[in-house]
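kindly generate the corresponding structure for this input.
(chains A, B, C and D)
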Number of protein chains: 2
Amino acid sequence: MERPKQADVAKLAGVSRATVSYVLSGRAGGAIAVADETRERILAAAAELGYVPDAGAQSLKSGVTRMIGATCPDLGNPHMWEILHGADMATRAQGYDLNIISTHLQYENERGAIQQLLRRRLDGLLMTLTNAEQHHEDLKTLARRHSPVVILGDYDHTIADLDTVTPGHREGAAQLMTHLLALGHRRISFLYGVASESFGRERLDTYFNTLRAAGVQPDDQLIEVCGVTTAQAYAAVQRILARTPRPTAIVAINDQLAIGVLRAVADAGLRVPDDISVAGFDDIDLARFTVPALTTVKVMSDEIGQRAVALIFDRLKDPNRPTQQITMPAQLAIRVSTGPVPGR
Amino acid sequence: MERPKQADVAKLAGVSRATVSYVLSGRAGGAIAVADETRERILAAAAELGYVPDAGAQSLKSGVTRMIGATCPDLGNPHMWEILHGADMATRAQGYDLNIISTHLQYENERGAIQQLLRRRLDGLLMTLTNAEQHHEDLKTLARRHSPVVILGDYDHTIADLDTVTPGHREGAAQLMTHLLALGHRRISFLYGVASESFGRERLDTYFNTLRAAGVQPDDQLIEVCGVTTAQAYAAVQRILARTPRPTAIVAINDQLAIGVLRAVADAGLRVPDDISVAGFDDIDLARFTVPALTTVKVMSDEIGQRAVALIFDRLKDPNRPTQQITMPAQLAIRVSTGPVPGR
DNA sequence: TTGAAAGCGTTACCAG
DNA sequence: CTGGTAACGCTTTCAA
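Just a heads-up that it's a prediction; the model follows:
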């Protein structure tokens, strides 16, 4: 038999298709009563044939797929899969499947994920957007329809009114800058390696604001833009170190880049933190294992994923509820890669 | 309108549903002819309503979903997402969607992925199995049906006859051991951090065989079992270093663990490679950026994903073709974490 | 308790 | 070129 269908099970068990449906969907026993003997017979027949209901046909009828999507902008960033892990656990807990969609930081692929939401009737979608502004139109439409979509990351709520879960990067950046200023650092370089200008902007903004509030005039020369990979960060550090006077600290916009910074600094014959301090964001698992261990802003990655999924299920329950904007707390994790400014 | 359907588009354009189907599926122009003017009208109507065809209904009809699944046993292992990246690109190139399913190294979740293949009618499934033997029954069934399934990793082909793509860990392990032996190492510890006893076994076997072939009697004391996380590797190294005499080299079963080894060795006040050599497997992106840079076995992660997807499409084209077992080449990447045995 | 039949949104065939 | 109609596999009334 190529692929047994409900009718085959019914025939083998000698009952009607309706009865098979009742038993297999677990509805028998409640409102619908089915003889125990019949029930066993159906179960046995299904097992014998290796029958598996066709989810497509089921959802055509029911309108739900029990499938939730989540975009991953960069499979190479450990921070993302920590979030995805939390999302996956929360999704499974409800008996749904999580479908991870890699977007490689590309607009078309992000758009493709929205198309999957629509075409494949995903019951929900978690999105990390490289550049939300580009998706203006689509997001407006999703918002208007109260689609079960949650945006992860810093997001300009005025683009379209959607549920969001934002890591506390802003708060964390302030803590980190305060920490560095207290150690006497004034020439602090910021390594801005992201996919688009708007992404991670909140960390850069906070960098400027905190400096100014401390009476330090920011120097645009100290902002170094690079790509998202560790290798690109490594290359960018060469440029940073060539500046005179040399910065006394480098803040990378995430830990993935900070790892490249640590290595580049070591290769330049400088010591961390004696000659130069290094810090990152996210507190990925590996941050504790770099040499030296990395000072970084801990965000609650796992919980971010969980909360986002919770928002999806909330909206599924009540599609018209007002949108929610959740900002997760952050906490500076001071390790050994940051220290007093040299000569102090 | 809640969700426009084909009929709505047809009504707005003033044509029949069949015509809409022809135009939207791009079949118009060939065997079926549709007036250009009509065609434009339909496209305009679809755009105006924001019509998106229902993939569930389409695949109920066509029997295909244009969706391929891929399990990821451990989102925390960079090697995996390098493979997934390759798979994703290859999948997209064919206009299919790749659906990444996280399994957290758990049997039930791996089984769940197989269920998704069946229930959701995935057109193919890439599987990395924690313990293939456990899946004996399911795999046999899949093989019998010539299901479009590809197993990634070292796999005992006699369990069930399936397509496989295997990283060249065996060959790489031999190269690595030869390298260490040539450097004078005899007490080489092997850090075996995997989800189950069968996983990664080929590397351990090769370790034993190469030692014996070199006339070195393996010492079971030097095999240290741990979990899959960097933190667990870190803890395991404490135990390894307590051995007397202390090993002169530590081989970790993958780079993710090797990073924990590097850090633990540094924390113990030992220098790599002067006091102890360290090596790993996979050559993840980060391996070049550890301090010191890690000697490791490079496997062609991206290509592994690509080849696996190619096997899926091959089978889709010809379901009954014989199975293929592909082993990808490996290459030892000698960096600075390995050196001559101390005192030589 | 069970069977018959309608319908979910789509495609594809067959007459007009 | 277009409209009607029969599937695709399933769930769910409604009667019996």
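
where does the closest residue to A:L211 other than its chain neighbours land in three-state SS?
Once flanking residues are discounted, A:L211 sits nearest to A:P218: 4.8 Å by Cβ to Cβ, 6 or more residues apart in numbering or on different chains. All C-beta atoms are positioned from the backbone trio N, CA, C, and that covers glycine. With DSSP: H, G, I helix; E, B strand; the rest coil as the basis, A:P218 sits in coil.

next one: the closest residue to DNA strand C within the stretch 1-150 of chain A from A:R41, what distance?
Closest residue of the stretch 1-150 of chain A to DNA strand C, Cβ to the nearest atom of the strand: A:S16 (3.0 Å). A:S16 is 13 Å from A:R41, where distance means Cβ to Cβ, to the nearest Å.

more crowded one of the two?
A:R41 (18 against 12; other Cβ atoms under 10 Å in any protein chain shown).

that one: what's it in contact with?
Applying Cβ atoms under 8 Å, 6 or more residues apart in numbering or on different chains to A:R41 gives the contacts A:A13, A:G14, A:V15.

what separates it from A:S21, distance-wise?
A:R41 is 15 Å from A:S21, by Cβ to Cβ.

what about the strands in the stretch 101-250 of chain A?
Taking DSSP state E, counting those that start in this stretch to define them, one finds strands in the stretch 101-250 of chain A at A:124-128, A:149-152, A:163-166, A:188-193, A:223-226, A:249-252.

okay if I get those strands as JSON lines plus distance to B:L180?
Formatted as JSON lines, the strands of the stretch 101-250 of chain A follow (distance: least, Cβ to Cβ, whole Å):
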{"stretch": "strand A:124-128", "distance to B:L180": "42"}
{"stretch": "strand A:149-152", "distance to B:L180": "44"}
{"stretch": "strand A:163-166", "distance to B:L180": "47"}
{"stretch": "strand A:188-193", "distance to B:L180": "36"}
{"stretch": "strand A:223-226", "distance to B:L180": "36"}
{"stretch": "strand A:249-252", "distance to B:L180": "34"}
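
report how many residues lie close to A:G50.
Around A:G50 there are 12 residues (other Cβ under 10 Å).

swap in A:G112?
Other residues within reach of A:G112, judged by other Cβ under 10 Å, total 17.

show me which residues of the stretch 151-300 of chain A sit near chain B.
A:229-231, A:234, A:259-260, A:262-263, A:266, A:285-286, A:288-291, A:293 (Cβ under 8 Å from any Cβ of the partner chain).

what domains does the record give for chain A?
Domains of chain A are assigned by automatic domain parsing as A:6-53, A:62-167+A:301-329, A:169-299.

out of these, nearest to B:R243?
Evaluated over the domains of chain A, closeness to B:R243 peaks at domain A:169-299, with 21.9 Å, by Cβ to Cβ.

possible to save the domains of chain A as CSV with mean pLDDT?
Converted to CSV, the domains of chain A look like this (pLDDT from 0 to 100):
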stretch, mean pLDDT
domain A:6-53, 82
domain A:62-167+A:301-329, 96
domain A:169-299, 95
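
adding distance to B:V251, write these out as a markdown table.
What follows is these, written out as a markdown table (distance: least, Cβ to Cβ, whole Å):
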| stretch | distance to B:V251 |
| --- | --- |
| domain A:6-53 | 43 |
| domain A:62-167+A:301-329 | 24 |
| domain A:169-299 | 18 |
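
nearest to B:F281, of these?
Per Cβ to Cβ, nearest to B:F281 of the domains of chain A: domain A:169-299, 17.1 Å.

that older thread, and of the domains of chain A, who's closest to DNA strand D?
domain A:6-53 (3.1 Å).

now the terminal residues of the closest one, how far apart.
7 Å (Cα to Cα, to the nearest Å).

follow-up on the earlier one: highest average neighbour count across the strands of the stretch 101-250 of chain A?
strand A:249-252 (a mean of 30; mean count of other Cβ atoms under 10 Å in any protein chain shown).

partners of it, with directions?
Looking at strand A:249-252 with DSSP bridges, its partner strands are strand A:188-193 (parallel), strand A:277-282 (parallel).

so after the last one, what's the next helix or strand?
Read it as strand A:277-282. strand A:295-299 (DSSP states H and E).

what helices or strands is that following strand leaning on?
Applying 3 or more Cβ pairs under 8 Å, 6 or more residues apart in numbering or on different chains; DSSP states H and E, we find strand A:295-299 packed against helix A:169-182, strand A:277-282, strand A:330-333.
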